[in-house]
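Enquirer: the following block contains a protein sequence and its predicted model.
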Amino acid sequence: MTYLNKPKVKICIVSSCGGHLTEVRALKPAYERYDHFYVINDVVTLPADMADRTYFIRHAERNWLVLVNFWEAWQILRKECPTIILSTGAGPVVPFAIVGKLLGIRSIFIETFARLLERSWSGAIMYRLADRFFYQWESLRPLYPKATYGGWLV
């Protein structure tokens, strides 16, 4: 399949484990009717609906392993050919969004609920990269003036 002629929606859900994964799974009613798969940065016990749809990538903490994440993103995105990348953070979304831009894949980012008064590291980067950017607290409006307030996911 080429990226120029995509017939249907396929969603790549990229997340860190823990709270970020809980948040993005709160959106499951919106994405479950579409073909989708998950990418998470740690091996964890998965719910049944994620068992056969999840890629595990290296956990990078703003170190050289981010380069490994870029390679993993390239391999996964080329194999799966998603039309959208969806994330609530954290770090693993950045390599996926950058590689996705190169491949013509749109991205949607939702700033984490945990950020009430200041930007997250991934939010600051994704604000410039994402095709659609949402935040969950009205107090973030001055930091993300071109983004959309979407309310709480949790």
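Expert: Thanks, I have the structure now. Numbers count the residues shown, from 1 in each chain.

Enquirer: what's around residue 111, how many residues?
Expert: The tally of other residues near residue 111 (other Cβ atoms under 10 Å) stands at 26. Yep, even glycine has a C-beta here, placed from its N, CA and C like the rest.

Enquirer: ok, now residue 78?
Expert: Neighbourhood size, residue 78 [other Cβ under 10 Å]: 11.

Enquirer: quick one: low-confidence parts of this protein?
Expert: Applying pLDDT under 70 to the chain flags residues 1-7, 154.

Enquirer: what ranges does it have for its helices?
Expert: Under the criterion DSSP state H, the chain contains helices at 19-25, 28-31, 65-80, 93-103, 121-129.

Enquirer: can I assume residue 83 is in contact with residue 108?
Expert: No: counting by Cβ atoms under 8 Å, residue 83 stays clear of residue 108, with 11.1 Å between them.

Enquirer: ok so, going back, of all the helices of the chain, which lies closest to residue 113?
Expert: Judged by Cβ to Cβ, the one of the helices of the chain that comes nearest to residue 113 is helix 19-25, at 6.0 Å.

Enquirer: and stretch 60-71, end to end?
Expert: Length of stretch 60-71, first residue to last, Cα to Cα, to the nearest Å: 13 Å.

Enquirer: buried stuff in that stretch?
Expert: 60, 65, 69-70 (16 or more other Cβ atoms under 10 Å).

Enquirer: let me have those residues in JSON lines, extended by distance to residue 102.
Expert: Converted to JSON lines, the buried residues of stretch 60-71 look like this (distance: Cβ to Cβ, whole Å):
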{"residue": "60", "distance to residue 102": "19"}
{"residue": "65", "distance to residue 102": "20"}
{"residue": "69", "distance to residue 102": "14"}
{"residue": "70", "distance to residue 102": "10"}
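
Enquirer: residue 33: which of these is nearest?
Expert: residue 69 (28.8 Å).
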